[in-house]
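Participant: The sequence and its predicted three-dimensional model are supplied below.
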Amino acid sequence: MRELPLIAVVALIIAVILKTFLVQVFVIPSGSMEPTIQVGDRVLVDRLTPWFGSEPGRGDVVVFKDPGGWLESDQEPSSDGPIMRQVKSVLSTAGLIPSSNEGDLIKRVIGVPGDTVECCDKQGRLSVNGVALDEAYVAPENAPSRTSFKVTVPAGRLWVMGDHRDVSADSRFHMTNPGNGTIPMSNVVGRAFMIAWPVSRTGQLDTPSSLSSVPGRAAAFGRPQSQTLDGAIGSQFAPGQPDPAEPPLVMGVLGVLPVLVRRRR
């Protein structure tokens with residue numbers, strides 16, 4: 001009995017270290033990345049390599065902090081008492097229970113600094129640096145974009161889009177925000193590299209070759225960003241377009257790994 005408190009403290013410290021520096025688990029709350037990632041999937045996010053200077057590449061699926069105005073702002077008030085709120089705060093910080101107040105989103109990197117991303121060409125395809133993409137990862141019956149745009153990604157920023165283009169309120173729908181729809185690299189939490197749950201969907205999140213094989217950056221860093229946007233801007237979207245606010249990811253379900261191991265055994 002005397003050892004139990006010590007064991008609990010050590011377990012919490014290990015959990016915090018894992019969540020902060022190594023791997024973090026996120027629960028997907030929306031369908032903006034379907035069919036690649038489904039609602040309710042648990043994805044593992046690599047938080048280690050960014051500490052060594054690794055930067056996201058084209059095609060990577062990344063989790064990032066809301067750069068401002070991307071997430072829904074209204075949340076239901078908590079019915080927990082002050083003690084229970086404090087306990088839940090400690091457990092969610094350690095990653096032992098889910099937390100939805102971190103302000104995180106998940107999208108696919110389409111353009112890195114210096115890239116020119118444009119949609120659409122005469123065949124209705126998205127292009128990066130003049131190379132048309134074969135986007136097999138995009139949801140069936142979704143156009144690469146129903147909103148035309150052309151943007152050059154500034155230094156230190158990324159252009160991101162969801163795989164379910166018709167419902168993803170991604171960079172295209174925030175071009176009137178600071179950064180013209182791009183997000184700061186400093187906001188990137190890590191790269192999602194695996195679906196860990198449910199077991200039937202467990203697998204690696206690979207980088208599409210159509211994006212990884214795009215030629216080098218076409219524009220010099222720091223060059224003024226050019227952009228055009230045809231169609232709806234801001235909060236006024238054409239029928240069938242997504243609302244610009246999305247629910248945040250839910251993070252911190254570290255218990256998924258032991259469950260996964262037990263199920264496989």
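Facilitator: Looks like it arrived, so ask away. Numbers count the residues shown, from 1 in each chain.

Participant: strand partners of the longest strand seen in the chain, parallel vs antiparallel please.
Facilitator: Counting by DSSP state E, the longest strand found in the chain is strand 188-197. Taking DSSP bridges as the criterion, strand 188-197 forms sheet pairs with strand 42-46 (antiparallel), strand 61-65 (antiparallel), strand 203-204 (antiparallel).

Participant: neighbours of Met1, just the number please.
Facilitator: 4 (other CB atoms under 10 Å). C-betas here are computed from N, CA, C, even on glycine.

Participant: brain fart, Gln38
Facilitator: Neighbours of Gln38 under the rule other CB under 10 Å: 13.

Participant: Please confirm that it is located within a strand.
Facilitator: No: assigned with DSSP: H, G, I helix; E, B strand; the rest coil, Gln38 falls outside any strand and is coil.

Participant: I'd like the distance between it and Met1.
Facilitator: In this view, Gln38 and Met1 are 44 Å apart by CB to CB, to the nearest Å.

Participant: Equivalent analysis for Val138, please.
Facilitator: Taking CB to CB, one finds Val138 at 56 Å from Met1.

Participant: ok, back up a step: buried ones in the longest strand of the chain?
Facilitator: Within strand 188-197, the residues that qualify as buried are 188-193, 195-197, counting by 16 or more other CB atoms under 10 Å.

Participant: again, but for stretch 170-188
Facilitator: 170-175, 177, 179-183, 185, 187-188.

Participant: Could you do stretch 105-125 as well?
Facilitator: Neighbour counts over stretch 105-125 (16+ other CB under 10 Å) mark 105-120, 125 as buried.

Participant: Just the CA trace of it, in CSV.
Facilitator: C-alpha atoms of stretch 105-125 as CSV (Å, rounded to 0.1, in the frame of the first residue of the first chain):
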residue,chain,number,x,y,z
LEU,A,105,-6.6,19.9,-36.0
ILE,A,106,-5.4,17.3,-38.5
LYS,A,107,-4.9,17.8,-42.3
ARG,A,108,-2.6,16.7,-45.1
VAL,A,109,0.3,18.9,-46.1
ILE,A,110,-0.1,19.9,-49.8
GLY,A,111,2.4,22.8,-50.1
VAL,A,112,5.7,23.6,-48.2
PRO,A,113,7.5,26.9,-48.2
GLY,A,114,8.1,28.2,-51.7
ASP,A,115,5.5,25.9,-53.4
THR,A,116,2.9,27.3,-55.7
VAL,A,117,-0.4,25.4,-55.2
GLU,A,118,-3.2,26.0,-57.7
CYS,A,119,-6.6,24.6,-58.5
CYS,A,120,-7.9,23.7,-60.9
ASP,A,121,-6.4,23.0,-64.3
LYS,A,122,-8.5,22.2,-67.5
GLN,A,123,-8.8,18.6,-66.3
GLY,A,124,-10.0,19.8,-62.8
ARG,A,125,-6.8,18.7,-61.1
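
Participant: just for the chain, where's the confidence low?
Facilitator: Scanning the chain for pLDDT under 70 picks out 15-21, 51, 72-81, 84-102, 216-245, 248-265.

Participant: Now do the strands in the protein.
Facilitator: 23-27, 42-46, 61-65, 104-111, 116-119, 127-128, 131-132, 148-152, 157-161, 183-184, 188-197, 203-204, 227-230, 250-251.

Participant: okay, the angle between the fourth one and strand 157-161?
Facilitator: On the basis of axes from the mean of the first three to the mean of the last three CA atoms, to 10 degrees, strand 104-111 is oriented at 100 degrees to strand 157-161.
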